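Colleague: sequence first, then the predicted structure, then my questions.
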Amino acid sequence: FNWLFARRHGGQFLLRIDDTDAERNLSETLQPILDGFRWLGLDWDEGPDVGGPYAPYYQSQRADRHGSAAEQLLATGAAYRDYATPQEIQAERDTAQQEKRRFLYSRRWMAETAAQAATFESEGRRAAVRLKMPREGMCAFHDLVRGDVEFEWALEQDHVVQRADGSCLYHLASAVDDHDFAITHVIRAVEHLSNTPRQMFIATALGYEVPTFAHLPYVAEPGSAEKLSKRKLSKYLKHHDFKKAYDHGAAIAEALALPVTPETFSPVVVDFYRVVGYEPDALVNYLLLLGWSLDDRTETFTREQMIEHFSLERVNRSPASFDPQKLLAFQERRMQALSVETRVERVLPFVEGAGLIDSPATDSQRARVADVVRAAEERIKVAGDILDYPEFFQADADVAYDEKAFAKRLRKAGVEPLLRRYRERLADLEPFDAQTVDRAMHDFVDTEGIGIGQIIHAVRVAVTGKAVGFGLFEGLVILGRDACLARIDRALEQLV
């Protein structure tokens, strides 16, 4: 939504890394996030790897600036040095709980003068910097999504903004950086709504212009109002549609010999969709409609239409549940709208990555991939679905049989001689195209006086190894006469 808002109004989309929590922010976790933005096409005008006039764009690299802001807050009386230990703060919390009243720090260990600070420090205490929040009145502001919002100042805690080791926390760093980067609009998740009063207090105390805020609904779990979390995969896998999406993706990843772990491979993580072969625009379109709507009927938007129509006024206040099957429906529409040539380009990396063809593909291999894409049509919902058809790229001797299908369709009395006679018909067929193969199958059935089901399923399993697939006659032609005969011979050998 930040990206759309900036593009809609001709503004600048800034990407800042809020990494003030050293324990939670590791460099290896950042790159997948940046890669995800790039894959989705959400380019940033300023930020990591791009630069800009307000560099650096990592909060951890702006510690001196944040520290000077903390000193400024102290100087104006908007903050104070606090020498309480964690145990003493906890004791006050426990007392408040026992007395069934709301906890509000007593400021007992607040040092407002150098003499008070010296006394506390002589006891071996170290000071953190806390905001000296108002104890009366209201914090009121207009949120572009929530409307008019009010918070009682008396319910705000004296939040720590600088630790005893001198490092600054998120609330101070964000307020300072928003000012320094000339941020006009802060568009963020509704979980941050409660942070807004303290950040407005900091900005006002420092003499900054307060930006405009818009707090967006979060994405909810499948079939629930709780916030979607990447840490709850085991819970979500009990949801039918979510598990179906996961299993679909896992099958593709395993065919590519990629590691599949709950920490890195999950439908709640953007990279899952890149690995599986979704169209970035399908995911962006779906996510847009989880929190925004143009009207009650329009669902599909090009990127240009998203930018043209987007407005914060039409953002929903309530969360919407993540629906993997609806996302797949968006993906199917996007995939089918692509030309065959474009779909071939999408699937080639998957066939190459699975080692089914050379990398780069030869002209003949590329032509074979195009034939499969045409024949499979809507069965290829995501690019990785091409891996459902390895039999069209494997050597005849390498095709694996589905044993249950083989037993059901080929190990039946009377099937073996039927298949031999059909092989003879196939060997002499001219021309070897789908229409001729189709007509020959029906002529064979009429000649033998059997139902088509008595032979067609046996031929499919013998040639592809599987009980299901796209049109059999198209498949036979793609494989070619020689491969079909060799595979039928191989199946017949197993029946002897």
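Modeller: Nice, I can see it.
Colleague: quick check: buried residues in the helix or strand bottoming out on mean pLDDT in the chain?
Modeller: The helix or strand of the chain with the lowest confidence, counting by mean pLDDT, DSSP states H and E, is helix 27-40 at a mean of 89. Neighbour-count burial for helix 27-40, counted by 16 or more other C-beta atoms under 10 Å, picks out 36-37, 40. Glycine gets a C-beta too; all of them are placed from N, C-alpha and C.
Colleague: and stretch 221-228, by the same measure?
Modeller: Quick answer for stretch 221-228 (16+ other C-beta under 10 Å): 221-222, 228.
Colleague: now stretch 294-306
Modeller: Neighbour-count burial for stretch 294-306 [16+ other C-beta under 10 Å]: 294, 299, 301, 306.
Colleague: from these, which is closest to residue 131?
Modeller: residue 306 (39.1 Å; C-beta to C-beta).
Colleague: quick check: next helix or strand after the helix or strand where that closest one lies?
Modeller: In this assignment (DSSP states H and E), residue 306 forms part of helix 303-309. Later in the chain than helix 303-309, the nearest helix or strand by DSSP H and E is strand 320-321.
Colleague: what sits against the closest residue in space to residue 292 that isn't next to it in sequence?
Modeller: Leaving aside its sequence neighbours, residue 292 sits nearest to residue 315 (C-beta to C-beta, 6 or more residues apart in numbering; 5.0 Å). Contacts for residue 315 (C-beta atoms under 8 Å, 6 or more residues apart in numbering) come out as 1, 145, 214, 216-217, 291-292.
Colleague: against residue 85, how distant is residue 315?
Modeller: To residue 85, residue 315 is 44 Å away according to C-beta to C-beta, to the nearest Å.
Colleague: repeat for residue 125
Modeller: The span separating residue 125 from residue 85 equals 7 Å under the rule C-beta to C-beta.
Colleague: the two: which is more packed in?
Modeller: Using other C-beta atoms under 10 Å, the more surrounded residue of residue 125 and residue 85 is residue 125, with 18 against 12.
Colleague: and the more buried one, what does it touch?
Modeller: Taking C-beta under 8 Å, 6+ apart as the test, what residue 125 contacts is 83, 85, 109.
Colleague: ok, then the element right after the helix or strand where residue 140 lies?
Modeller: In the assignment (DSSP H and E), residue 140 maps to strand 138-143. Toward the C-terminus, strand 138-143 is succeeded by strand 147-152 as the next helix or strand (DSSP H and E).
Colleague: got the buried residues for that next one?
Modeller: For strand 147-152, by 16+ other C-beta under 10 Å, it's 149, 151.
Colleague: going forward can the numbers begin at 43, since that is how I track them
Modeller: Shifting the count to begin at 43 puts that one at strand 189-194.
Colleague: what are the contacting residues of the helix or strand following it?
Modeller: Note on strand 189-194: by DSSP H and E, the next helix or strand toward the C-terminus is strand 202-204. By C-beta under 8 Å, 6+ apart, the surrounding residues in contact with strand 202-204 are 108-109, 112, 115, 121, 124, 170-173, 210-211, 213-214, 244.
Colleague: list the buried residues in strand 202-204.
Modeller: Result for strand 202-204 [16+ other C-beta under 10 Å]: buried residues 202-204.
Colleague: and residue 62, how far from residue 252?
Modeller: Distance from residue 62 to residue 252, by C-beta to C-beta: 21 Å.
Colleague: comparing these two, which residue is more hemmed in?
Modeller: residue 62 (22 against 17).
Colleague: OK, contacts around that one?
Modeller: Counting by C-beta under 8 Å, 6+ apart, residue 62 has contacts 101-102, 209-212, 215.
Colleague: of these, buried ones?
Modeller: Buried members of these, scored by 16+ other C-beta under 10 Å, are 101-102, 210-212, 215.
Colleague: excluding chain neighbours, give the residue nearest to residue 450 in space.
Modeller: Residue 450 sits nearest to residue 509 (C-beta to C-beta, 6+ apart), 7.5 Å away.
Colleague: state the pLDDT value of the one you found.
Modeller: The model reports residue 509 with a pLDDT of 97.
Colleague: could you do the one 3 residues further on as well?
Modeller: In the predicted model, residue 512 carries a pLDDT score of 97.
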